[in-house]
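below are the sequence and a predicted model; questions follow.
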Amino acid sequence: MKLRLPMGRFVRWSPLVLTGVWMILTIAVCTWQPLLMERLEYKSCDQRFHWRGELPPDDRIVLMSIGEESIMDEIDEKELREHPNFKWLRKFPYPRQAHAFAIDRLLKAGARVVALDLLFTAKGEDFADDAALREQLQKHSGQLVIGSNFDYVNVGINGIDFSNPNVMTPNESVMPRKTPNYRDVIGFVNYFPDFDGVIRCFQTGTEPKLRVETPNSFDVLVARKLFPEKFTGKPEVRTIVFAGREGTYKAIPYFKIFSDKHWERPPLNKGEIFKNKVVLIGPWGDYMHDRHLTPFDLMNGVEIHANAIATLLNNRNLRAMDRGESVVLLLVVSVILAFGLWKAKTPFAKLLFGAGMAVGYLLLAQLAFVRFDRFLLLVPTEIILLGSVVSVVSLQAIFERLEKQRARGFLCRYVSKNIAEQILGSEENVDTVFIPTRRFVTILMSDVRDFTTMTEGSEPGPFVQQLNEYLTAMTECVFDHDGTLDKFVGDAVMAVFGSPTSRGKEEDALRAVKTALAMRARLAALNEQWAKDGRRPFRFGIGINAGEVMAGDIGSSQKAEYGVIGDPVNVAARVESLTKEQKTDILIADSVYELVRNHVQVEPRGDMKVKGRAQPVRIYALQTLR
């Protein structure tokens, strides 16, 4: 007995179909709405930094911060006498002599490189002021880097457009353009945010054909001072490997380098902290308006430079997947997912497999990021995984719900609601319950006495209505005792106890007996009502037998119903036919009596010869329960 809906075949193949649909839709969105998908993918890249956690800062880099505490605009004469070099720090921008002094002190302390994330585009206070800084830049050009700035550079989805830049370079009085090492000292400090305003990458340089005055980035020049043979290749865009959020690189206030008192004490320790280090000097805090969005939220520009320089020094190169690799990845993931969902039978198994793949891929993407510097495509892949799983599981759940409703409607025609729910709630498939098999059951057969005679001369309408009332009452008695209604044959009712579910031979037989007694009581109540209505009463005979039968789907290819066949069924019918001869309404065979003898009161009626059997059948007239 197949209870499945016609769409069952589509549901079975839905993992392959729906996964393919999700893959095609995802690729289509990536193709026609790239900004939407890129925005989501960027956010997933940022999240991977957070999942990774903070890394130790590169100990070759020391930051010096020019913040509010390093601007001595309210210094008094007493403090100025104690720290005479603070005279340069009374306002910002500082005189060029201040930076010249800092460079000289740092280099003498053993610093490998000193880099100032500052622009010196205007003239200094006087010729001597600019000359002091210019002298240091020319004398120590192999160890110094200062900044330039690109203005009005277009940043789009296809990259950075340097075709018509406006370059803000140091003033001629600080660094003349004809200086031999001009391009080795001045690097552009710009970072070019992605279209969502977040800085994730840095440009190492510009194409030589553009003939930009300062073609190298500030960060590349710093790294090249340490390793002259490296970082000389073709300009590229590289992802910054951020060590952590703002403050991961601890900054030393710039003013401390101007104080002999602070210079002698920790953490400077006479400049020991700067020995063999890269010293980055730059604005710090909101006061200088040099904070920018990064994957770790706002960060000071000079600390972004520290992270970029560390990326170069550690030869880190976070690489995203190109278009071809992305398509191959989506295809492979989709095939694996579709096959797994197709093999998984239950919605829970599909959900478990899909969730496992989604979580597993997430872990794989994070591992590739942390261990192999690769950004595996995450958002489109997870959309395919989660979208396919939810769609397939939802479709199967809806289908199974509809199938169960259909099966419930079918079952309730033959068994009680409780039995129907028991079958539908079992782990066993509904179809397998009705596979032909041998079962030990108890069969109840009932028949209206003199039914043929009653039909003669009766009006069809009223009589059929009365018959339906009778059959409805008898069916309710069967269902009230969790029996299975096998069939109606005219006025005859056949009920089975023990198929398709059984509670044990004794319990099944006792339920059949209780059903017969309930039918007796219901018929008496109906006859009483019918007498008041002026209708003729009904009388019936019931025969009950037990034994092993064949149960299953019985019928033709056009029409089949669940039923039982076998000798016990025939004997039950013969026992029922003896009720008229025995002048009683309920007879049970010995096979039933032996199972319920402790629960019933009966009157033995002896051994009776029944048609179709060589051996007589011992029967008992059922009176009541004990």
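Perfect, thanks for sending it.

at which residues are the helices of the stretch 401-550 of the chain located?
Taking DSSP state H, counting those that start in this stretch to define them, one finds helices in the stretch 401-550 of the chain at 417-425, 430-433, 451-455, 460-480, 505-532.

can you list those helices in TSV and add mean pLDDT?
Formatted as TSV, these follow (pLDDT from 0 to 100):
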stretch	mean pLDDT
helix 417-425	61
helix 430-433	58
helix 451-455	82
helix 460-480	91
helix 505-532	95
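
nearest to residue 342, of those helices?
helix 430-433 (19.8 Å; C-beta to C-beta). (Glycine included, C-beta is placed from N, CA and C.)

on that earlier part again, need the helices of the stretch 401-550 of the chain in a markdown table with mean neighbour count, can you?
Shown next, in a markdown table, are the helices of the stretch 401-550 of the chain (neighbours: other C-beta atoms under 10 Å):
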| stretch | mean neighbour count |
| --- | --- |
| helix 417-425 | 15 |
| helix 430-433 | 17 |
| helix 451-455 | 13 |
| helix 460-480 | 16 |
| helix 505-532 | 18 |
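
dump those helices to a markdown table, plus distance to residue 375.
Output for the helices of the stretch 401-550 of the chain, formatted as a markdown table (distance: least, C-beta to C-beta, whole Å):
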| stretch | distance to residue 375 |
| --- | --- |
| helix 417-425 | 48 |
| helix 430-433 | 48 |
| helix 451-455 | 83 |
| helix 460-480 | 64 |
| helix 505-532 | 66 |
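
who wins for proximity to residue 14 among the ones you listed?
Of those, nearest to residue 14 by C-beta to C-beta is helix 430-433, at 19.3 Å.

test my guess that residue 513 contacts residue 600.
Yes - Residue 513 is within contact range of residue 600, at 5.9 Å (criterion: C-beta atoms under 8 Å).

what do the two both touch?
Here residue 513 and residue 600 have 588, 622, 625 as joint contacts, going by C-beta atoms under 8 Å, 6 or more residues apart in numbering.

what residues does the last one make contact with?
It stands for residue 625. Counting by C-beta under 8 Å, 6+ apart, the residues that residue 625 touches are 513, 514, 517, 599, 600, 601.

among those, which pair sits farthest apart?
Longest span within these, C-beta to C-beta: 514 and 601, 13.4 Å.

circling back to that earlier point, and of the shared contacts of residue 513 and residue 600, the nearest to residue 138?
residue 625 (117.8 Å).

how close does that closest one sit to residue 514?
7 Å (C-beta to C-beta, to the nearest Å).

again, but for residue 468
Distance from residue 468 to residue 514, by C-beta to C-beta: 24 Å.

over to residue 229. Which of the three states is it?
Secondary structure, DSSP: H, G, I helix; E, B strand; the rest coil: residue 229 is coil.

what about it, neighbour count?
6 (other C-beta atoms under 10 Å).

give me the distance between it and residue 223.
Residue 229 is 11 Å from residue 223, by C-beta to C-beta.

nearest residue to the most centrally placed residue in the chain in space, please, no chain neighbours.
Nearest to the mean C-alpha position of the chain, by C-alpha atoms, centre = their mean, lies residue 386 at 5.1 Å. Nearest-residue entry for residue 386: residue 358, 5.7 Å, with adjacent residues in sequence omitted and distances by C-beta to C-beta, 6 or more residues apart in numbering.

what does residue 197 give?
Residue 197 sits nearest to residue 293 (C-beta to C-beta, 6+ apart), 5.5 Å away.

mind listing what the helix or strand harbouring that neighbour pairs with, with the direction of each?
Residue 293 belongs to strand 291-294 when assigned by DSSP states H and E. For strand 291-294, the paired strands and their directions (DSSP bridges) read strand 297-300 (antiparallel).

in the strand it pairs with, what counts as buried?
299, 300 (16 or more other C-beta atoms under 10 Å).

one step back: verify the stated contact: the residue nearest to the centre of the chain with residue 361.
No - contact between residue 386 and residue 361 fails when scored by C-beta under 8 Å: they sit 10.4 Å apart.

for burial, what's the neighbour tally of residue 276?
For residue 276, using other C-beta under 10 Å, the count is 10.

so who does it touch?
60, 110, 111, 112.

likewise residue 82?
residue 261.

for residue 344, same thing?
So residue 344 contacts 350, 352, 353 (C-beta under 8 Å, 6+ apart).

so where is this protein shaky, pLDDT-wise?
In the predicted model of the chain, residues 1-10, 152-165, 208-211, 407-434, 557-560 satisfy pLDDT under 70.

ok, back up a step: I'd like to know which of the contacts of residue 625 is nearest to residue 129.
For these, the nearest to residue 129 is residue 514 (112.8 Å; C-beta to C-beta).

for residue 371, see how far away the closest one is.
Applying C-beta to C-beta to residue 514 and residue 371 gives a distance of 71 Å.
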